[in-house]
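# give me the fold of what follows.
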Amino acid sequence: MRPSSRWRAQVGLSVLLAACGTAAGRASNKAVRSAVSEGVKVDQVGYLPARPKLAMVTDARATGAFSVRRTRDGAEIAGGTLGPALADPDTGDTVRLADFSALTETGSFYLDVAGLGTSDDFEVAPDVYARAFLLVSRAFYGQRCGMAVDLAPLHPGYSHPACHVAGTRNPDALFHASAGASGAVDGSGGWHDAGDYGKYVVNSGISTGELLWAYEAFPERVAAANLQIPESGNGVPDLLDEARWNLRWMLKMQDADGGVWHKLTSERFGSFVMPEADDGGPRYVIGTGSAPYKSSCATGDFAAVMAIAARVFRPFDPEFAGTVLAAAERAWAWLARNPSVVFRNCCGVQTGEYGDTNCADEALWAAAELFRTTGGSQYNAYFTSSFAAFDPILGNGPPSWPDVRSLALFTYALSRQPATDEAVRARIRVDAAAAGAALVARTRANPYRISLRPTDYVWGSNGVVANYGVALALAYALQPDPALLDAAAENLHYLLGRNTFALSWVTQLGVRPYRHPHHRPSGADANAEPWPGMLSGGPNRYGGDPVIDAMPATPPARRYRDDQGSYASNEIAINWNAPLVFLLASLLPDPAR
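Reported below is the predicted structural model:
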């Protein structure tokens, strides 16, 4: 992969800065700093002072010794020997670890690997992930629908007028024939779901839920972050205001009978144009095609997320908290009457489906969140009589839009309601501890120190990585064990550059970020770089687009291209950014310390 001009400039700048000491220092540094090698893979953002610090070396020219040097003067701070060669079948790489965990000094550093070259620069600091948290959280503002968006002054030039509102090229929305209704409907607001301009309740559910959970789990850390959004400074934490933008759209997707329509999209995807010029055709509220027209999975997700919002917003906006709680309870009543109405595209609709044949996990999540918020006996009874069918806590993997069982189980285990069944909670806690220990062991055994299994390289595998981080952080909340947060951080390091491609999978973050997402505003605007803070979907062993399908056979972790045309490996989506927000929040410093 050819390095970008920005990367070359940053490397040149680091060398220039290192050369600004004494004459002896300049001579020493010129002798020490060799060319950057992509065979030395580090987290391009950095590391926390008190946590493990590993780099991966994959070039056989490395002779074994390495040193850690300060960027500003090239001074050697620490040294060591590479670990034994480990074959990684997921990438085809032979990996040797450079362990520099003994480094606790803060500042900017790089690794110098004998026989090979140097790493990218990285930082060591207690707040090393603060900017990453800002960019990844602020990316949701960039995805807002129905209002003018402008990322200046932090990112000038990243803007567009209001889109998808009445009076623009496309009307606000109409009821589709599949929705069992007709006429115009107010469907404005919310976030564009991914690289296209559709909006989907199921994916909004887990995305908004994980953002709200990030605040609930780490309130002081999250509240301290100024995201520079239009609502900043109004007395409500910015991440909650961002979530509320989408919650208000979700409320519009609830029918009078309490059920929730599945999505709001056009019948087909539009071309690569800016959102205000969307040419996908009229936008519709789309239903199941037959009575009762709403879907059980969407309604369950809706009930769960509105219940979380009710307790999180109560201190800031009691009226809004009451509104969303009432909506959650109406959704629960509909779900009790209609527990298994699944959604499939019909009637000429070709946009994203988010189809799920089993909505029982969504119902369990709704019951858990409603119980945690209200203490209601009906929700407790449903959960305690149903949860055993969803052991083990991580099921087939971490949380995902089609499998929210772990969110339900973690919710109940974290509940402080007096009526909580302590035997049930104890069982979940034991299961969570075992799952966490197994994840730690698997992460340590992986040559790249990540939690992914070979079968996890699916559409959105980077979102899977982030959600493993969420699961580890939640397990830590139930049973504090530093190994759990260490494993969560290892997954973050993979996303920020310590991977086979030596690529940061977050736009405009790190020395060598990916640059060509499948994201319409990034492809349609005049900016040289994509919109900031967006996590790429990542390697996809199953392919599914012309770019990946044309690749020769490779190990699963290499089935990726930084190509706008690769929607199967390089699209962005709100449900991948949301767990990354949570993971980053779990590693931010507490402001009071």
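# contacts and neighbour counts: CA atoms only from here.
OK.
# just say helix, strand or coil for the residue nearest to Glu216 when sequence neighbours are not counted.
Taking Cα to Cα, 6 or more residues apart in numbering as the measure, Glu216 lies nearest to Val312, with 6.8 Å between them; neighbours along the chain are not counted. Following DSSP: H, G, I helix; E, B strand; the rest coil, Val312 is assigned to helix.
# and the strands in the stretch 201-350 of the chain?
263-266, 283-286 (DSSP state E, counting those that start in this stretch).
# which one of those lies closest to Cys359?
Put simply, out of the strands of the stretch 201-350 of the chain the one that sits nearest Cys359 is strand 263-266, at 16.0 Å, with distance taken as Cα to Cα.
# what about the spatially closest residue to Ala524 that is not a sequence neighbour, how many residues nearby?
Closest residue to Ala524 in three dimensions, ignoring its sequence neighbours and counting by Cα to Cα, 6+ apart: Val273, at 5.1 Å. Other residues within reach of Val273, judged by other Cα atoms under 10 Å, total 18.
# and Gly180, what does it touch?
The contact partners of Gly180, taken as Cα atoms under 8 Å, 6 or more residues apart in numbering, are Gly287, Gly289, Ser290, Ala291, Pro292, Tyr293.
# mind listing the helices for the stretch 401-550 of the chain?
Remark: helices of the stretch 401-550 of the chain, listed N- to C-terminal, are 405-414, 422-445, 461-478, 482-495, 520-524, 546-549; assignment by DSSP state H, counting those that start in this stretch.
# Throw those helices into TSV and include distance to Leu251, mean neighbour count and mean pLDDT, thanks.
As requested, these are arranged in TSV below (distance: least, Cα to Cα, whole Å; neighbours: other Cα atoms under 10 Å; pLDDT from 0 to 100):
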stretch	distance to Leu251	mean neighbour count	mean pLDDT
helix 405-414	21	25	98
helix 422-445	31	18	97
helix 461-478	26	26	98
helix 482-495	33	24	98
helix 520-524	26	21	98
helix 546-549	37	17	98
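# those helices: which one's closest to Arg72?
If we rank those by Cα to Cα, the stretch that ends up nearest is helix 482-495, at 23.2 Å.
# so where's the stretch 51-200 of the chain uncertain?
Low-confidence segments of the stretch 51-200 of the chain, defined by pLDDT under 70, span residues 167-171.
# redo that, cut-off 50
Residues of the stretch 51-200 of the chain that meet the criterion pLDDT under 50 lie in 168, 170.
# about what we covered before: quick check: PyMOL command selecting the buried ones in the contacts of Gly180.
Entered in PyMOL, the line below selects the buried ones among these, by 16 or more other Cα atoms under 10 Å:
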select buried, resi 287+289+292+293
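# tabulate the contacts of Gly180 (TSV), appending distance to Asp301 and pLDDT.
Formatted as TSV, these follow (distance: Cα to Cα, whole Å; pLDDT from 0 to 100):
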residue	distance to Asp301	pLDDT
Gly287	16	97
Gly289	20	96
Ser290	21	97
Ala291	20	98
Pro292	17	98
Tyr293	16	97
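# nearest to Glu422 among the contacts of Gly180?
Comparing these against Glu422 with Cα to Cα places Pro292 closest, at 37.6 Å.
# tell me the contacts of the closest one?
Pro292 sits next to Gly180 when contact means Cα under 8 Å, 6+ apart.
# how close does it get to Val260?
According to Cα to Cα, to the nearest Å, Pro292 and Val260 sit 10 Å apart.
# ok, back up a step: mind giving me CSV with the strands of the stretch 201-350 of the chain and columns for mean pLDDT?
Formatted as CSV, the entries for the strands of the stretch 201-350 of the chain read as follows, by pLDDT from 0 to 100:
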stretch, mean pLDDT
strand 263-266, 96
strand 283-286, 96
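# among those, which comes closest to Ala368?
Closest to Ala368 of the strands of the stretch 201-350 of the chain is strand 263-266 (Cα to Cα; 24.1 Å).
# paired strands for the closest one, with orientation please.
strand 199-200 (antiparallel), strand 283-286 (antiparallel) (DSSP bridges).
# now tabulate these in JSON lines and tack on mean neighbour count and distance to Thr58.
Supplementary listing: those in JSON lines, determined by neighbours: other Cα atoms under 10 Å; distance: least, Cα to Cα, whole Å:
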{"stretch": "strand 199-200", "mean neighbour count": "26", "distance to Thr58": "41"}
{"stretch": "strand 283-286", "mean neighbour count": "26", "distance to Thr58": "49"}
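# now tabulate the ones you listed in TSV and tack on distance to Val45.
As requested, these are arranged in TSV below (distance: least, Cα to Cα, whole Å):
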stretch	distance to Val45
strand 199-200	32
strand 283-286	40
